[in-house]
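A.B. asks: Sequence and predicted structure are below.
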Amino acid sequence: MVAQAWLGTHLMVKLFLDGLDRVLLSRSIPLRHRFAQRLSPWLIRYIGKERFQEVMRYVGQKSPFYRERFRKFNIDPNLVSDPAQLGALFTTAEDLRHFPPEEFLCDRPEMAFETTGTTAKSKRVYFSNKEVEEQSLDGAVGFYALGLRPEDRVVSAFDYSFWNAPVTFSAIIARMRCFHVIAAKIPPDEFYDRVLDYRFNVIAGQPSWILCLTEIAEKKGTWPMKFIFTGGENMSEQTRQYIESVWNTNVYMSYGQTEAFGSIGTECKAKNGYHMNDVNLIPEIINPDKEGYGELVYTTITRKVMPFIRYRSADITKIIDEPCGCEFGPLRRLARIRGRCDEMVNCGMGNISPWFIEEILRGIPGLADDWQVAIKRPTNRDLAEFRLELQEGADQELVTRCLKENIERRQPECWRDFNLRLFDMSFHYYPRGVLRGARKLRRVVDERWNLLS
Ligand SMILES: [Zn+2]
């Protein structure tokens, strides 16, 4: 009797949500936005759980890779209701490189994108047109919350080559019915000259590219901007503040991976963490430290072509449960990414992550945005080799002095160990654009070949 009543309620909620989703809300972004703000966290978890169970059954039937995994781990996909019940079952970047895409495919793909990560072999991720359409609907609600309206004029300077995020972005802008141009990632000076007449008031692109454009605009002049949207790379707060001050506008960042179909989270106007797409992804943090920071793992719960169960992002972050109180309503947040699991290096300097180094670099005048720290072992002690790109005309001696002062003040244990000669440091300076060969730059690298072989 109790079970029947529960089943009845469950069915009614499901029908209610499906109905609402399809009939009432699908066409109106403002209405969707209003509705999203009123969703309760309970309802979001409920939808997530429902969809998780559905996707488990689905991949159990359709994907050879997951069928084999379930068999190996002795898991009945019909009986699992929470990702944590899957124990040691994960999907890794290595799986995507090793197995052909067909192993993961559950439905007919209509497009493919690639992501290179930090190794040479690309991972291929497949989608359908419908998935892009659905993603653009959620994305449009997010941009509506940031203030985008149909009368705005948008230009995208993202790199379109094999990358899905710009495609989704264009679909969102088309759905918002904004006038827009896809400039793609052309040289910033050419971009500046060509876009002047269009009066665009929203620019989207990768942070390092936007920074170069901003330096040009600082010299040649800016125009009124509603906001600037960035994605695809991390950006320091210092760089954000510089870009914001030149354009006199807000810069919003997003965080995503191709495996998650571009966007995992987007900042709101408070710029304090990425609001997650909680109804399309179930996030987990594994191996958290005492502050809650660990590796982000996510399950895609609405994809049909190539869903992923517990995909290991290799990014270190934490889930912020406290409500933000903004227009994104009950959607939880992810903290700024502290680095990649494969970029954490334990050495004489300490447990080094990109976040650790960024703390040292923060506030130093003359630094450009790209940097790399390599840990080497030329003698019997570790050497932290700082490779830093500088702005034109920067004073190298001043930068070196500031770096040492920051270490002393912000990483006192590290400074103590340096003075005890537990490790050495060296500083090398380069003009902008030298370090970043591909789209992604590894920030912290272990080059102690003698230890790795
Ligand atoms: Zn917020």
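C.D. replies: All right, it came through fine.
A.B. asks: what are the bridge partners for the residue most central in space within the chain, then?
C.D. replies: Centroid-nearest residue in the chain, with CA atoms, centre = their mean: Tyr255, separated by 2.3 Å. Under DSSP bridges, the beta-bridge partners of Tyr255 are Gly265.
A.B. asks: need the contact list for it.
C.D. replies: Listed by CB atoms under 8 Å, 6 or more residues apart in numbering, the contact set of Tyr255 reads 231, 263-266, 274, 315, 334, 337. Backbone N, C-alpha and C define where each C-beta goes, glycine included.
A.B. asks: Residue in the stretch 51-200 of the chain with the shortest distance to the ion?
C.D. replies: Here the stretch 51-200 of the chain gets closest to the ion at one residue, Ala145, 8.7 Å apart by CB to the ion.
A.B. asks: per-residue confidence for the residue nearest to that residue when sequence neighbours are not counted?
C.D. replies: The shortest distance from Ala145 to any non-neighbouring residue, by CB to CB, 6 or more residues apart in numbering, is to Glu327 (4.1 Å). The model reports Glu327 with a pLDDT of 80.
A.B. asks: for Pro207, same thing?
C.D. replies: With respect to pLDDT, Pro207 has a value of 86.
A.B. asks: Correct me if wrong: it contacts Asp370.
C.D. replies: No. Between Pro207 and Asp370 there is no contact under CB atoms under 8 Å: 10.0 Å.
A.B. asks: Give me the nearest residue to the residue in the stretch 351-453 of the chain that the ion sits nearest to, chain neighbours excluded.
C.D. replies: For the stretch 351-453 of the chain and the ion, the shortest gap (CB to the ion) falls at Trp355, measuring 21.4 Å. Nearest residue to Trp355, sequence neighbours excluded (CB to CB, 6+ apart): Arg338, at 3.7 Å.
A.B. asks: quick one: least confident of the contacts of Tyr255?
C.D. replies: On pLDDT alone, Ser263 ranks lowest of the contacts of Tyr255, at 80.
A.B. asks: which bits of this structure sit near the ion?
C.D. replies: Residues of the chain found near the ion (CB under 5 Å from the ion) are 268, 270, 324, 326, 328.
A.B. asks: quick one on the thing from earlier: and the helix or strand hosting the residue of the stretch 351-453 of the chain closest to the ion, what other elements does it pack with?
C.D. replies: Using DSSP states H and E, Trp355 sits within helix 354-361. Applying 3 or more CB pairs under 8 Å, 6 or more residues apart in numbering; DSSP states H and E, one finds that helix 354-361 contacts strand 339-340, strand 367-376, helix 396-410.
A.B. asks: 6 Å - rerun?
C.D. replies: When contacts are defined as 3 or more CB pairs under 6 Å, 6 or more residues apart in numbering; DSSP states H and E, helix 354-361 packs onto helix 396-410.
A.B. asks: Show me which residues of the helix it packs on are buried.
C.D. replies: For helix 396-410, the neighbour count (16 or more other CB atoms under 10 Å) marks 399-400, 402-403, 406-407 as buried.
A.B. asks: Over to stretch 283-296?
C.D. replies: Residues 283-285, 293-296 are the ones in stretch 283-296 that count as buried (16+ other CB under 10 Å).
A.B. asks: cool, stretch 359-373 as well?
C.D. replies: Judged by neighbour count using 16+ other CB under 10 Å, the buried positions of stretch 359-373 are 360-361, 364, 366-373.
A.B. asks: Looking at those, which is nearest Arg45?
C.D. replies: Asp369 (37.9 Å; CB to CB).
A.B. asks: The closest one: what's it in contact with?
C.D. replies: 208, 211, 239 (CB atoms under 6 Å, 6 or more residues apart in numbering).
A.B. asks: any idea how far it lies from Glu389?
C.D. replies: 7 Å (CB to CB, to the nearest Å).
A.B. asks: do the same with Ser353
C.D. replies: Distance, Ser353 to Glu389, by CB to CB: 20 Å.
A.B. asks: do the same with Arg199
C.D. replies: For Arg199, the distance to Glu389 equals 32 Å [CB to CB].
A.B. asks: Equivalent analysis for Arg381, please.
C.D. replies: To Glu389, Arg381 is 27 Å away according to CB to CB.
A.B. asks: who has more neighbours, the two?
C.D. replies: Neighbour totals were compared for Arg381 and Glu389, and Glu389 leads with 20 against 12 (other CB atoms under 10 Å).
A.B. asks: Show me the helices in the stretch 301-450 of the chain, by range?
C.D. replies: For the stretch 301-450 of the chain, the helices defined by DSSP state H, counting those that start in this stretch cover 354-361, 396-410, 412-419, 449-452.
A.B. asks: Assign Ala36 to helix, strand or coil.
C.D. replies: helix (DSSP: H, G, I helix; E, B strand; the rest coil).
A.B. asks: measure it to Cys326 for me?
C.D. replies: From Ala36 to Cys326 the distance is 12 Å (CB to CB).
A.B. asks: go on, Phe227?
C.D. replies: As judged by CB to CB, Phe227 and Cys326 stand 15 Å apart.
A.B. asks: before we move on, what about Phe261?
C.D. replies: Here the criterion is CB to CB. By it, Phe261 lies 23 Å from Cys326.
A.B. asks: Contact partners for Ile216?
C.D. replies: So Ile216 contacts 188-189, 192 (CB under 6 Å, 6+ apart).
A.B. asks: same question, Cys268
C.D. replies: The contact partners of Cys268, by CB under 6 Å, 6+ apart, come to 275, 326, 328.
A.B. asks: What are the phi and psi values at the second one?
C.D. replies: Main-chain dihedrals, Cys326, degrees, to the nearest 10: phi -110, psi -170.
A.B. asks: pLDDT value on the residue of the stretch 151-300 of the chain found nearest the ion, please?
C.D. replies: Residue of the stretch 151-300 of the chain nearest the ion, by CB to the ion: Cys268 (3.2 Å). As predicted, Cys268 sits at a pLDDT of 94.
A.B. asks: got it, and Glu322?
C.D. replies: At Glu322, the pLDDT value in this model is 89.
A.B. asks: what's the answer for Trp6, then?
C.D. replies: Listed pLDDT for Trp6 reads 54.
A.B. asks: where in the protein is pLDDT low?
C.D. replies: In the predicted model of the chain, residues 1-27, 116-120, 437-439, 450-453 satisfy pLDDT under 70.
A.B. asks: ok, longest helix in it?
C.D. replies: Counting by DSSP state H, the longest helix found in the chain is helix 41-62.
A.B. asks: buried ones in that one?
C.D. replies: With burial defined by 16+ other CB under 10 Å, the residues of helix 41-62 counted as buried are 44, 47-48, 50-53, 55-56, 58-60, 62.
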